[in-house]
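1. Sequence and computational prediction follow.
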Amino acid sequence: MGKVNVKRAEKKPTLREQQRYERRRSVIEAVQRGEPIRVVARVFNVAVRSVFDWMSWYRHGGWDALNEGRRHGRPRKVTGPVLRWLYRAITLGSPLQYQFEFSLWTLAIIRQMLRREHKIELSKSGVSRLLAQMGLSPQRPLYKSYKQKPKELKRFLEETFPGLRAQARRTGAVIFFVDEASVRSDAHRGTTWGKIGQTPIVRDSGDRFGLRLISAVSPRGDMKFATFEGSMNGEKFVEFLRKLAQDVQRPLIVIADNAAYHRSTPVKEYIVESQGRLTVEHLPRYSPELNPDEQVWNQAKLRLGKLCITTKEQMKTAVRSIMRSIQRQVTLVQSFFQLKDTKYAA
């Protein structure tokens, strides 16, 4: 009589084992949705190192590897401690700290760093999947000056601006954020179509011309602007403030950056002349991201970069048309006050 091969039935997990599996799976799913790992660990009341260990198990064997006793096979390349090290390096540091000359995290840099620091060889696609499993994604970075003074920033957000807001309520004043910018004929933003694998070359006549502008936006969605020739100075800034005051017909609180002409003698004299109807305050140094008016230029330059402009007169016409279009979109201007760094002023 021949032997009968009887396949041993897999042991059914106990209720406790099933609950532990569901908990691990919920933790991994939360991380993959982009929830910060420390927050996930706190919510599920587990150690941060356990989260990284479970991520390593999942990466090696899928959901089944989160079950009790299912972790087998060849040793894992990327262990929990390595994942934790990589996550901290990317979220808390810069490639410059690891002797790379580039300040942005790229797949190539991360791949090279894993090879150098942990002798782990992964393809670019493997690195991409690894980062996605940790809840990381490619982002367009915000650039902030290292010269910022945290104390100045804190004082402005917690004392200066709340004081200006209280003043506006008390006096019926309107708060405007002001900024100046220049646009150039050779500045192009956006993308262009071309052959795959060949970066298109944009050719122009080589003639360069520009236009200077100043604008002001308020949290309620007002926008005013003007164009001017030459460099901005105290007299031109006062001229813009006079027109702004005439349009608004209410007391003004103007918030601008720390350019010298914003503090010039003509501006100080005009403030005295206004007899309390004008207040000029300044943003913390090196903090343009706090100014909602910066978004006017982002919008204008993005639209202008897609137009075909060959003369300075065409540029003037196009810029004024774009600025009037933004001016008419009250909800768009209000949205400039809804960004992470500008919401304080909404």
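-> Here it is on my side, so go on.

2. Over to residue 77. Which of the three states is it?
-> Per DSSP: H, G, I helix; E, B strand; the rest coil, the local secondary structure of residue 77 is coil.

3. what about the strands in the stretch 201-346 of the chain?
-> Here the stretch 201-346 of the chain has its strands, by DSSP state E, counting those that start in this stretch, at 210-217, 223-228, 252-256, 278-282.

4. Pipe those into JSON lines and attach mean pLDDT and mean neighbour count per row.
-> Using the backbone N, CA and C atoms, a C-beta is placed for each residue, glycine as well. Listed next are those as JSON lines, based on pLDDT from 0 to 100; neighbours: other C-beta atoms under 10 Å:
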{"stretch": "strand 210-217", "mean pLDDT": "90", "mean neighbour count": "21"}
{"stretch": "strand 223-228", "mean pLDDT": "93", "mean neighbour count": "18"}
{"stretch": "strand 252-256", "mean pLDDT": "97", "mean neighbour count": "23"}
{"stretch": "strand 278-282", "mean pLDDT": "97", "mean neighbour count": "18"}
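
5. Which one of the ones you listed lies nearest to residue 155?
-> Comparing the strands of the stretch 201-346 of the chain by their distance to residue 155 (C-beta to C-beta), the top pick is strand 278-282, with 11.8 Å.

6. elements contacting the closest one?
-> helix 161-171, strand 252-256, helix 265-273 (3 or more C-beta pairs under 8 Å, 6 or more residues apart in numbering; DSSP states H and E).

7. Buried deepest among those, which one?
-> Among these, judged by mean count of other C-beta atoms under 10 Å, the one packed with the most neighbours on average is strand 252-256 (a mean of 23).

8. and that one with strand 210-217, angle?
-> Calculated by axes from the mean of the first three to the mean of the last three C-alpha atoms, to 10 degrees, strand 252-256 forms an angle of 130 degrees with strand 210-217.

9. Now residue 83: which helix or strand?
-> Element membership for residue 83 (DSSP states H and E) is helix 80-92.

10. can you pull the buried residues of that helix?
-> Within helix 80-92, the residues that count as buried by 16 or more other C-beta atoms under 10 Å are 80, 82, 83, 84, 85, 86, 87, 89, 90.

11. ok, the second one touching residue 118?
-> Yes - using C-beta atoms under 8 Å, residue 82 and residue 118 qualify as a contacting pair, with a distance of 5.5 Å.

12. The helix or strand containing residue 19 - contacts with which helices or strands?
-> Taking DSSP H and E as the definition, residue 19 sits inside helix 15-32. Using 3+ C-beta pairs under 8 Å, 6+ apart as the contact test, the elements touching helix 15-32 are helix 37-44, helix 48-61, helix 124-133.

13. hey, which of those helices is tucked in deepest?
-> helix 48-61 (a mean of 20).

14. I'd like to check what contacts that one. Which residues are they?
-> The set of residues external to helix 48-61 that reach it, using C-beta atoms under 8 Å, 6 or more residues apart in numbering, is 24, 27-28, 31, 37-38, 40-41, 65-66, 70-71, 73, 76, 78-84, 87, 130, 133-134.

15. Between helix 124-133 and it, find me the angle.
-> Using the same axes, to 10 degrees, the inter-axis angle of helix 48-61 relative to helix 124-133 is 140 degrees.
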